[in-house]
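Sequence unavailable; structure follows:
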């Protein structure tokens, strides 16, 4: 058990110990899915017989829907809660990523990347406010939370 200088344990501050690992999983999965195609763009272009520039557009197909919808899903998750959008988004992201791995042609892969971008905005947007709250809570208890590491 980690105790701060005032004798309070960190479990008293954050009673649910699974919150931070789940938030990290959401952030990791969206970022990995965004950047995971970059090393294999040449292979994708050879497999589907498209130019490397066309294969590179898969990154934009993922990022643009996420960029535009983050403006919408941020306030929606504040209003209706964060848990449901995170779970729905992770489900959409998982299914569309799986669909993209078995896509038989480039247009279908491109479509799956667009849908993955739509799913990625839901788990990534709600992770930011809780991380800020956890950081503020820890900094209110101790001046430098990094010394627990």
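Perfect, thanks for sending it. Only a predicted model underlies this, so the values are computations on that prediction, with no experimental measurement involved.

Show me the helices in the protein, by range?
10-13, 19-35, 41-48, 52-80, 83-101, 106-124, 128-141 (DSSP state H).

where in this protein is pLDDT low?
For the chain, residues meeting the criterion pLDDT under 70 lie at 1-16, 124-149.

same thing but at 90, please
1-38, 63-91, 93-94, 118-149 (pLDDT under 90).

re earlier: with mean neighbour count as extra columns, can I get the helices of the chain in TSV?
Backbone N, C-alpha and C define where each C-beta goes, glycine included. Listed next are the helices of the chain as TSV, based on neighbours: other C-beta atoms under 10 Å:
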stretch	mean neighbour count
helix 10-13	14
helix 19-35	16
helix 41-48	14
helix 52-80	15
helix 83-101	17
helix 106-124	22
helix 128-141	13
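
Can you give the distance from stretch 99-110 to the centre of its chain?
Distance of stretch 99-110 from the chain centroid (C-alpha atoms, centre = their mean, to the nearest Å) equals 21 Å.

Determine how far the last residue of that stretch lies from the first.
The straight-line separation of the ends of stretch 99-110 (C-alpha to C-alpha, to the nearest Å) is 11 Å.

And the contacts of stretch 62-71?
Residues outside stretch 62-71 that contact it (C-beta atoms under 8 Å, 6 or more residues apart in numbering) are 30, 33, 34, 113, 114, 116, 117, 118, 120, 121, 124, 125.

can we see that at 10 Å?
30, 33-37, 57, 60, 73, 76, 96-97, 100, 110, 112-122, 124-125, 128 (C-beta atoms under 10 Å, 6 or more residues apart in numbering).

and what of stretch 104-114?
So stretch 104-114 is in contact with 33-34, 37, 44-45, 47-50, 54-55, 57-66, 95-103, going by C-beta under 10 Å, 6+ apart.

hmm, 8 Å instead?
Residues contacting stretch 104-114 (C-beta under 8 Å, 6+ apart): 44, 48, 50, 54-55, 57-58, 61-62, 65, 96-97, 99-100, 103.

For residue 19, state which of those residues is nearest.
Comparing the contacts of stretch 104-114 against residue 19 with C-beta to C-beta places residue 97 closest, at 24.1 Å.
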